[in-house]
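Undergrad: any chance you can model this:
(2 chains)
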Protein chains: 2
Amino acid sequence: MKKHNFYAGPSILSEYTIKNTADAVLNFADTGLSLLEISHRSKEFTAVIEEAKTLVKELLEVPAGYDVLFLGGGASMQFCMVPYNLLNRKAAYLETGTWAVNAIKEAKLFGEVDVVASSKEANFSYIPKGYTIPDDVDYFHFTSNNTIYGTEMRFDPDVNVPLVADMSSDIFSRPIDVSKYNVIYAGAQKNLAPAGVTIVIVKEDALGHVDRAIPTMLDYRTHIKKGSMFNTPPCLPIYSALQTLKYYKEMGGIKEMEKRDLEKAAILYDAIDSSKIFVGTAAHEDRSIMNVCFVMKEEYKDLESEFIEFASSQGMVGIKGHRSVGGFRASIYNAMPKSSVEALVATMKEFEKKH
Amino acid sequence: MKKHNFYAGPSILSEYTIKNTADAVLNFADTGLSLLEISHRSKEFTAVIEEAKTLVKELLEVPAGYDVLFLGGGASMQFCMVPYNLLNRKAAYLETGTWAVNAIKEAKLFGEVDVVASSKEANFSYIPKGYTIPDDVDYFHFTSNNTIYGTEMRFDPDVNVPLVADMSSDIFSRPIDVSKYNVIYAGAQKNLAPAGVTIVIVKEDALGHVDRAIPTMLDYRTHIKKGSMFNTPPCLPIYSALQTLKYYKEMGGIKEMEKRDLEKAAILYDAIDSSKIFVGTAAHEDRSIMNVCFVMKEEYKDLESEFIEFASSQGMVGIKGHRSVGGFRASIYNAMPKSSVEALVATMKEFEKKH
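TA: Alright, predicted model coming up:
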C-alpha cells in the first residue's frame, strides 16, 4: 500500500532527492565510489557544497554580505551558538513553544534575556502580538514555525533591531527578506535533507562584536573562513540538500512552493473546519501551513485512538499529535504531494461517516 | 576499472555497509519509506540506535558505568566538549600532530594545559616518549592515531590519571582497555560510517565535577539522559554505523580486524622498506597501521607527481600525501581489502621497474 508520510521531522523528502541520494550511495558523480566514502576534499564533493550554497543564495535571494553555512550538530546547537556569537549584553526572545523555551534557556547563559511575550499560558496555541522590542537589545529571536503546536509567523517582523530566527520547520516555504536578519538557522530535516546538517545564513558584519572567547567550532567566523569545511562536514545530508534545492529550482522556486503549500494547507484546514468531529487547536490567524494540528471535539474524544488506527490502515504514517497537544498532527512540508493531503481528507471524511 | 579507495577520511566502508545503506535509502526496515525521511522517534529507528549502542559496547567490551553516545558536530566539537565537561583546573595533553594542536587550543579556553611532550620539531614524525604526567591533572589527552603523519599509539598509556583519547582514525582496529578512560571519542568517517556522526564513550562518574555552566548541547549528561535523542540525531550515519558494527561482529570482532590490519600494513611497509625509490616518513616503532605515509627518496623526488598519475591510472584513489608531509599516504582502514593493498604494492613495483 502507498504510504503517506506525515512525520513532523525527519520528514518527507522529494522522490528526486531520495532517488538521487540512493544512486550516489552506490556510485557518486561517476567516481566508481560511494558518496559514503568520498573525501570531502575531493573535487567532486567540493562542487556539491559550492552548488548547494549558491542555490540557497539564489532561491532565498540572499543579499551580499551574508554567508551560507552547512553545520553539524542540529538546530539545538544554534540555541547556544547564536548567543555565543551575538549576545553581548541583552537580547529579546519571543516564547512561542518548546524550541523557543530551549533557545531562551541557552541565551541566559550568555547575557540578559528579555522574553518580550509568551503564549505559554495557552499551551502555545497562538502567536503573541502587540509586544514591544527594547531598542537596546542585540537582536530579537523568534521561532518562525512551531512544529508541536501548529502555529507559524509567516512574515519577517518589522522591528528596530536585527532579527534572528529558527526557521527549522518552514524555511523554503515562503520568500524571506533576509536583509532584516543577522542569523537564520534551520535544521535540515523538514524541508531540505535528512537529519544531520543545519543550514545557517549569517550576516558577516554582525560577527566579532562580543567580548567573550568563543570555542573554534562554535564561532561562525571559523566556518565562514573555511567555507563550511573547517572540519569534515556531514557530506551525505549536504548532497541530499543539494538535490532538494535543485528540485525547488526546477519546480519554479520558493514562490511556487509557497503557492502549493498554501493550497495543500487550505484543503486540510477546510476539511477540519467543516468537520463535525475534528477541530483545529491553533488560533486561526496563526495557523501553520507546515504542521496542521487537530483533535477530536470533546464529545468524540474517545474515538482518537480508533482514528489513528483507521488512518494507519489507510497508509497514513506519523499523524499522532505531540504528547503536549494530543490528537493529531499532519505535517505537510514542501515535498508532500497534494494527493497525500487529499487522501488524508478522504480518510477523515470516511471515518466521520462511520460515526 | 576497479577503484581502490585510499582516502584518509571520509574513507572506504565495507560493501555490506554501502549496500545496506543504499537499500534503506529506498525502503527502510520495510516501512515503505526512505531512511532519509523516517522519524527518529519511530520504533524502527530507535531500534537502530539501541542496537548500534549495544554492539559498540559488545565489540569494545565497554565496562558498566560507561555510556555510548552518537553525536553530531564532528570530533572537532569534542575538542571543546571534553574540557567543557572535564577540565576543572588543569589537564595534560600530548602534542602529536594537527588534531592534538587543535585539541590543546580549545582546552586552553577552559583551564591550565600542560603539554607534557611534543614532536612538533620533527614535523610530528614520531610519538614522544618518556614524558611525565603530573598527578594533579584532571585527565591526560592524546590522539591515538595521527592521520596526517602516519604515527599511532597502539596501546592504552599506563599513567596515574584518567585518559581521554581522540581515536577518530583507529577506533575498532585493536581491543581497548576502556576502563582506563574517562572519554574516548571518534569521528565516524574512518572505521565506522559516513561523515556526520561522532561516537563518544564516556564514564558517567567522570561528569558533574566542573564548576562552570555548560550549554545544554555541549553537556554529555544531556545526551546520556536522552540516549543520544535529546535532539534529532544524524539518522543515516548512525544507520550506516550499525551496518559496519554488524559486519565487524560477523567477521569475528575487533581482534580479527586487528589481525587483518596488521597483515595489510606489513605488506605495504615491507614494500616501502625494500624499495629503492620509496621511503617511509614515520619513525618505525610508531608506524600507523591505518595511514601509511611515504615519499620518494631524495634522488627520485622529481618522480612524485609522475607516480601519482601512474597510480591513478591503475585505479588508486586518494594516495596524495597531506601537504604538510608531501609524497603519498595510503589509508588502509578496516574496510580496505588486502587485494587493494596488494594492487598498490604491484603498482609501486611496476613504477620502480620503469625507473
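
Undergrad: how's chain A carved up into domains?
TA: A:4-11+A:253-354, A:15-251 (automatic domain parsing).

Undergrad: pLDDT of the last one, averaged?
TA: pLDDT averaged over domain A:15-251 equals 98, rounded to a whole number.

Undergrad: so how far is it from its chain's centroid?
TA: 9 Å (CA atoms, centre = their mean, to the nearest Å).

Undergrad: return the alpha-carbon coordinates of stretch A:250-258 using PDB.
TA: Listed next in PDB are the C-alpha coordinates belonging to stretch A:250-258 (Å, rounded to 0.1, in the frame of the first residue of the first chain):
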ATOM      1  CA  GLU A 250      13.200  23.100 -11.200                       C
ATOM      2  CA  MET A 251       9.700  23.400  -9.800                       C
ATOM      3  CA  GLY A 252       9.700  27.100 -10.100                       C
ATOM      4  CA  GLY A 253      11.400  28.400  -6.900                       C
ATOM      5  CA  ILE A 254      10.200  29.400  -3.500                       C
ATOM      6  CA  LYS A 255       7.100  31.400  -4.600                       C
ATOM      7  CA  GLU A 256       5.800  28.300  -6.400                       C
ATOM      8  CA  MET A 257       6.500  26.100  -3.300                       C
ATOM      9  CA  GLU A 258       4.600  28.700  -1.200                       C
END
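
Undergrad: how far does that stretch sit from the chain's center?
TA: How far stretch A:250-258 lies from its chain's middle: 17 Å, per CA atoms, centre = their mean.

Undergrad: what does stretch A:268-275 give?
TA: Here stretch A:268-275 is found 24 Å from its chain centre; the criterion is CA atoms, centre = their mean.

Undergrad: just stretch A:347-355 next, same as before
TA: Stretch A:347-355 has its C-alpha centroid displaced from the chain centroid by 31 Å (CA atoms, centre = their mean).

Undergrad: and what of stretch A:294-313?
TA: On CA atoms, centre = their mean, the centre of stretch A:294-313 falls 27 Å from that of its chain.

Undergrad: which residues of the stretch 151-300 of chain A lie near chain B?
TA: Residues of the stretch 151-300 of chain A lying close to chain B (CB under 8 Å from any CB of the partner chain) are A:187, A:189, A:193-197, A:213, A:215-218, A:230-237, A:240. The way it works is simple: take the backbone N, C-alpha and C, and place the C-beta from them, glycine included.

Undergrad: helices along chain A, start to end?
TA: A:15-26, A:43-59, A:75-86, A:98-107, A:220-225, A:235-251, A:254-273, A:304-313, A:338-354 (DSSP state H).

Undergrad: check the ones you listed for me and report the most buried one.
TA: Of all the helices of chain A, helix A:75-86 has the most neighbours on average by mean count of other CB atoms under 10 Å in any protein chain shown, namely a mean of 26.

Undergrad: counting by contacts, list what that helix packs against.
TA: With contacts defined as 3 or more CB pairs under 8 Å, 6 or more residues apart in numbering or on different chains; DSSP states H and E, helix A:75-86 has these neighbours: helix A:98-107, strand A:163-166, strand A:181-187, strand A:198-203.

Undergrad: pick out the residue closest to the middle of chain A.
TA: Centroid check for chain A by CA atoms, centre = their mean gives A:S169 as the closest residue, at 1.8 Å.

Undergrad: is it true that that one touches A:T147?
TA: Yes. If you go by CB atoms under 8 Å, A:S169 and A:T147 touch, sitting 4.6 Å apart.

Undergrad: quick check: neighbours shared by those two?
TA: In terms of CB atoms under 8 Å, 6 or more residues apart in numbering or on different chains, A:S169 and A:T147 are both contacted by the residues A:8-9, A:190, A:290-291.

Undergrad: what's the PyMOL syntax to select whichever of the residues of the stretch 151-300 of chain A next to chain B are buried?
TA: In PyMOL syntax, the buried subset of these is picked out as below (16 or more other CB atoms under 10 Å in any protein chain shown):
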select buried, chain A and resi 187+189+193+194+195+196+197+215+216+217+218+230+231+232+233+234+235+236+237+240
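
Undergrad: and the residues of the stretch 151-300 of chain A next to chain B, which of them are in strands?
TA: A:G187 (DSSP state E).

Undergrad: using a markdown table, lay out the shared contacts of A:S169 and A:T147 together with neighbour count.
TA: Output for these, formatted as a markdown table (neighbours: other CB atoms under 10 Å in any protein chain shown):
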| residue | neighbour count |
| --- | --- |
| A:A8 | 25 |
| A:G9 | 24 |
| A:K190 | 32 |
| A:M290 | 30 |
| A:N291 | 30 |
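
Undergrad: out of those residues, who's nearest A:F142?
TA: Comparing those against A:F142 with CB to CB places A:M290 closest, at 15.4 Å.

Undergrad: now that closest one: how far from chain B?
TA: Separation of A:M290 from chain B (CB to the nearest CB, to the nearest Å) stands at 15 Å.

Undergrad: if I look at that residue, how far off is B:I267?
TA: Look at A:M290 and B:I267: by CB to CB, to the nearest Å, they are 55 Å apart.

Undergrad: now do A:S144
TA: From A:S144 over to B:I267 (counting by CB to CB), the distance is 57 Å.

Undergrad: now swap in A:H223 and tell me
TA: A:H223 is 40 Å from B:I267, by CB to CB.

Undergrad: swap in A:E152?
TA: For A:E152, the distance to B:I267 - CB to CB - is 60 Å.

Undergrad: again with A:Y84
TA: For A:Y84 relative to B:I267 (CB to CB), the value is 48 Å.
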